[in-house]
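Colleague: Sharing a model that was predicted from the sequence below.
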Amino acid sequence: MPNEHTSKQFDAELEHLRARVLQMGGLVETQISSAIEALSTGNIQLADEVAKNDHRVNALEVGIDEDCTQIIARRQPAATDLRMIMAVIKTITDLERIGDEAEKIARMTKLIYAQGKFPAPRYPEMKYAASLAIDMLKRSLDAFARLDVAAAAQVVKQDRLVDEQFRGILRQLITFMMEDARTISTSIEILFIAKAIERIGDHAKNMAEYVVYLVKGKDVRHVTVEEFERETASE
C-alpha cells in the first residue's frame, strides 16, 4: 500500500484481501482455459469439471465480500484504503461473472457434442478471441497487483480487439446458417460461446477501470478510450 498504517494488523488484512482476489482471479482464469480446451477437444469430462468448480468461484466471492464488510466495520477505512476495499468488491463481482461465462461455455460445449454435430466452429477465430480475453484478464489482475495504471490502460484498448473478433465470428455464423438451415441450432450455441468470450473481455475491462479508480480516485467507467487515456496520463 502507498501509505504505511500505524496498525500492522490492518496492513496484513489488506494484503490478505488482495491476495485472495488474485487467488480468485487465478481460479477463474483456469476455468476459462479449461472450458475453451473442452470446446476445442470435445473433452466432456473437462467441461463437467468446469461446471462443478463454479461453486468454488462463488464461494470465494462470498468469502472475500464478507472480509470486506468486516474490515469496513472494524477499521472504518478512508481515502486510498477505502478505495482499495471498494475496488476489491467490484472486482470480485466481475470475476464471479467471468466464472459464470466459463461455466456457460462448458455447458454449451456439452450440448454441441451431445448432438453429435459441430459445424465448422471457426476454431482459429474462437481460440484467438478466447486468448485475447484471457490475456486481458491476466493483465487486469497484474495491474491490480502492481497498482499499474499504464497496464490498466492497455487492457481497455485491447477490448476493441475482442469486440472485433466477436463481430467477425457472428458474421461467419450467420453465413453458415444461411447456407445450411440444419445447422442453425448448433450455430446458435456456438454464438452463445462467442458472446461469452466477448463478455469476459468486458468484465476484464471493468477490472482495469477499477485499478484507475483505486490509484487515482477517478471514475473512468463509460468514457471513450481517448478520454480514458487522457485521464490515466494526467497527474
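Modeller: Okay, I see it.
Colleague: all contacts plus neighbour counts: C-alpha atoms, from now on.
Modeller: Noted.
Colleague: the helices in the protein, which residues?
Modeller: Assigned by DSSP state H, the helices in the chain fall at 8-41, 44-75, 79-114, 123-146, 149-179, 184-216, 225-233.
Colleague: For the second one, list every residue counted as buried.
Modeller: By neighbour count, with 16 or more other Cα atoms under 10 Å as the criterion, the buried positions of helix 44-75 are 44, 46-51, 54, 57-58, 60-61, 64-65, 67-68, 71-72.
Colleague: can you check the third one too?
Modeller: For helix 79-114, the buried set under the neighbour-count rule, 16+ other Cα under 10 Å, comprises 80-89, 91-112.
Colleague: do the first one as well
Modeller: Of the residues in helix 8-41, those buried under the neighbour-count criterion (16+ other Cα under 10 Å) are 10-11, 14, 17-18, 20-22, 24-25, 27-39.
Colleague: for the protein, which spans come out with low pLDDT?
Modeller: For the chain, residues meeting the criterion pLDDT under 70 lie at 1-6, 117-123, 221-235.
Colleague: Val50 and Glu103 touch, don't they?
Modeller: Yes: look at Val50 against Glu103 with Cα atoms under 8 Å: they come within range, at 6.0 Å.
Colleague: overlap in contacts of the two?
Modeller: Shared contacts of Val50 and Glu103, defined by Cα atoms under 8 Å, 6 or more residues apart in numbering, comprise 31, 35.
Colleague: Leaving out chain neighbours, which residue sits closest to Glu13?
Modeller: Nearest in space to Glu13, with sequence neighbours left out and distances taken as Cα to Cα, 6 or more residues apart in numbering, is Ile71 at 7.9 Å.
Colleague: Distance check, the one you found against Ala12.
Modeller: In this structure, Ile71 and Ala12 are separated by 11 Å, where distance is defined by Cα to Cα, to the nearest Å.
Colleague: And stretch 149-168, what's buried?
Modeller: Neighbour-count burial for stretch 149-168 flags 149, 151-159, 162-163, 165-166 (criterion: 16+ other Cα under 10 Å).
Colleague: Tell me the one of the residues you listed nearest Asn206?
Modeller: Checking the buried residues of stretch 149-168 against Asn206 by Cα to Cα gives Val156 as the nearest, at 8.3 Å.
Colleague: Excluding covalently adjacent residues, which one is nearest to that closest one?
Modeller: With Cα to Cα, 6+ apart as the criterion, Val156 has its nearest non-adjacent residue at 5.3 Å, and that residue is Lys205.
Colleague: likewise Asn53?
Modeller: The shortest distance from Asn53 to any residue other than its chain neighbours is 7.9 Å, reached at Gln31 (Cα to Cα, 6+ apart).
Colleague: swap in Thr183?
Modeller: Thr183's closest residue in space is Met177 (Cα to Cα, 6+ apart), at 5.9 Å.
Colleague: Repeat that for Gln165.
Modeller: On the basis of Cα to Cα, 6+ apart, the spatially nearest residue to Gln165 that is not a chain neighbour turns out to be Ala129, at 5.9 Å.
Colleague: so who does that neighbour touch?
Modeller: Listed by Cα under 8 Å, 6+ apart, the contact set of Ala129 reads 162, 165-166, 197-198.
Colleague: For these, which two are the farthest from each other?
Modeller: Using Cα to Cα, those reach their maximum pairwise distance at Gln165 and Ile197, which is 9.7 Å.
Colleague: related to what we said a few turns ago, what number of residues lie near the residue nearest to Val156?
Modeller: Other residues within reach of Lys205, judged by other Cα atoms under 10 Å, total 26.
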